[in-house]
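1. quick one, what's the 3D model for this:
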Amino acid sequence: MKRVILIAILIVALSACAPKPEKLQPLVEQTLTAIPTNTAYPTYTPLPTYTPANTQTPEIRYYTRVVTASSTPTPLHTPTITNTPTKTPTSTPTLDPLKKGRGDGIYLVGVDIAPGVWRSDGTGSSCYWEITNAYGDIINNHFGLAGGTAYISASAFQVMFRNCGYWTWLQP
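-> Sure, this is the predicted structure:
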């Protein structure tokens, strides 16, 4: 019986030291079970001897909070980012593909070659060019020295250049 009282006192003392008594209350309310004691000879007692169940050590948990210091100060205001104006390049006039230089070949007027004045940079003496209408009739032609000019009207259908060098567009 003295053991039971000592254990009860110990439990009460431990519960007083515990940080959260609500967690320790189930320990105090435990039921006692009878466990017979082994002796070398049988003893007879009017009442069975009771010993408390397994004793439990209260679990104490420590919770820590990690606080880190920031080395970067928080800005008081957010700076406004403005775009730096860039110099826009001046547009270069794109050359009309119909007005780019031409060599020997047959070209459709308004589709492959622009009407206007064209000049040859050739140096030979067997230059031949001709301008025809939609029916194949020759409107204008030349055979002889290269290096001259040819006028292609807007009403012409096709132009043929042969052995005249490279043709460049001058004007409409």
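2. which residue is the nearest non-sequential neighbour of G105?
-> F161 (6.3 Å; C-beta to C-beta, 6 or more residues apart in numbering). The way it works is simple: take the backbone N, C-alpha and C, and place the C-beta from them, glycine included.
3. output stretch 128-139 as PDB, nothing but the C-alphas.
-> Output in PDB follows, covering the C-alpha atoms of stretch 128-139 (Å, rounded to 0.1, in the frame of the first residue of the first chain):
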ATOM      1  CA  TYR A 128      20.000  42.600-129.700                       C
ATOM      2  CA  TRP A 129      16.900  43.600-127.800                       C
ATOM      3  CA  GLU A 130      13.300  43.700-128.900                       C
ATOM      4  CA  ILE A 131      10.000  44.800-127.400                       C
ATOM      5  CA  THR A 132       6.800  43.100-128.600                       C
ATOM      6  CA  ASN A 133       3.000  43.400-128.000                       C
ATOM      7  CA  ALA A 134       0.600  40.700-126.900                       C
ATOM      8  CA  TYR A 135       0.300  39.400-130.500                       C
ATOM      9  CA  GLY A 136       4.000  39.000-130.900                       C
ATOM     10  CA  ASP A 137       4.400  42.000-133.200                       C
ATOM     11  CA  ILE A 138       7.700  43.900-132.700                       C
ATOM     12  CA  ILE A 139       7.100  47.400-131.300                       C
END
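4. so what touches that stretch?
-> 109, 120, 140-143, 150, 152-153, 155-164 (C-beta atoms under 8 Å, 6 or more residues apart in numbering).
5. please pick the buried ones from these.
-> V109, S120, H142, A150, I152, A156, F157, Q158, V159, F161, C164 (16 or more other C-beta atoms under 10 Å).
6. greatest separation within those residues: which pair is it?
-> S120 and F157 (20.6 Å; C-beta to C-beta).
7. what are the buried residues along stretch 127-143?
-> Neighbour-count burial for stretch 127-143 [16+ other C-beta under 10 Å]: C127, W129, E130, I131, T132, I139, H142.
8. sheet-wise, list the partners of the strand or helix carrying the second one with their directions.
-> Assigned by DSSP states H and E, W129 belongs to strand 127-132. Each strand that strand 127-132 pairs with, and the sense of that pairing, follows from DSSP bridges: strand 138-144 (antiparallel), strand 158-162 (antiparallel).
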